[in-house]
Structure formats: structure tokens, C-alpha cells
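Peer 1: No letters, just coordinates:
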């Protein structure tokens, strides 16, 4: 069950957070925007999946982009799934509820080594 949501402002800080640089637990799940400042979401995804400690972590790419090349690249980099950002508040709330039901209740996460 998910305990908390943490937001980081850019790709560099996301990688620092995920590598455990600081006093915080490693998350079970990452929702990753492709269009991050400093280091793009695709660059962050590539580094996560190249890191033996992080590569099993589920990554949900959430993007406003419908660009087929970006979608293909996200899956080639082993994103768990690619979801288009909802356009309005009711759609966003439906998205949040369904994510919580699936990722917070139905999914079994890989053990943290």
C-alpha cells in the first residue's frame, strides 16, 4: 500500500532522490513526466533502468504527449506503462482513483534489496 506522494522539481533531483542521496526511503513506484527541466523524463527513465538497484522499480510515464516516437522510446526503455495526462479535473480525479486502486491495492511490488 502506498504511504506518501513525493514530488521533485527536475530530472537531476529525481535521480538523486531515487539513488537515496539524502534521508528518505526509496519509493515503490514512480510517476514520471517526460518533460522535466534539466534532465528529461526519458533520460531519467534510461538511468533508472540502467541502475541494477533501481531497474525493477515500476515506472509509470505520465505525459501530455501523444508523440508516437516518445511513446515507443518510453516502452523501449522499459516503462511499466505510458498514460496520457488527463485534460480536466474530473478526468484527473478518475485517473488518480484508478491508479490508487491498481498500484495501491492490486500490485505486488518487487522487494527492495
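Peer 2: Great, that's in hand. Note that the coordinates shown come from a computational prediction; the quantities given were computed from them, not determined experimentally.

Peer 1: And stretch 26-43, how far out from the chain middle?
Peer 2: Stretch 26-43 sits 6 Å away from the centroid of its parent chain (CA atoms, centre = their mean, to the nearest Å).

Peer 1: just checking, what packs against the lengthiest helix in the chain?
Peer 2: Ordering each helix of the chain by length in residues (DSSP state H) puts helix 89-101 first. Packing partners of helix 89-101 (3 or more CB pairs under 8 Å, 6 or more residues apart in numbering; DSSP states H and E): none among the helices and strands. C-beta: built from backbone N, CA, C; applies to glycine.

Peer 1: Give the rounded mean pLDDT of that helix.
Peer 2: Averaging pLDDT along helix 89-101 gives 92.

Peer 1: residue ranges of the helices in this protein, please?
Peer 2: Under DSSP H, the chain gives helices at 11-18, 41-50, 68-76, 89-101.

Peer 1: Name the residues of the longest helix of the chain that are buried.
Peer 2: residue 99 (16 or more other CB atoms under 10 Å).
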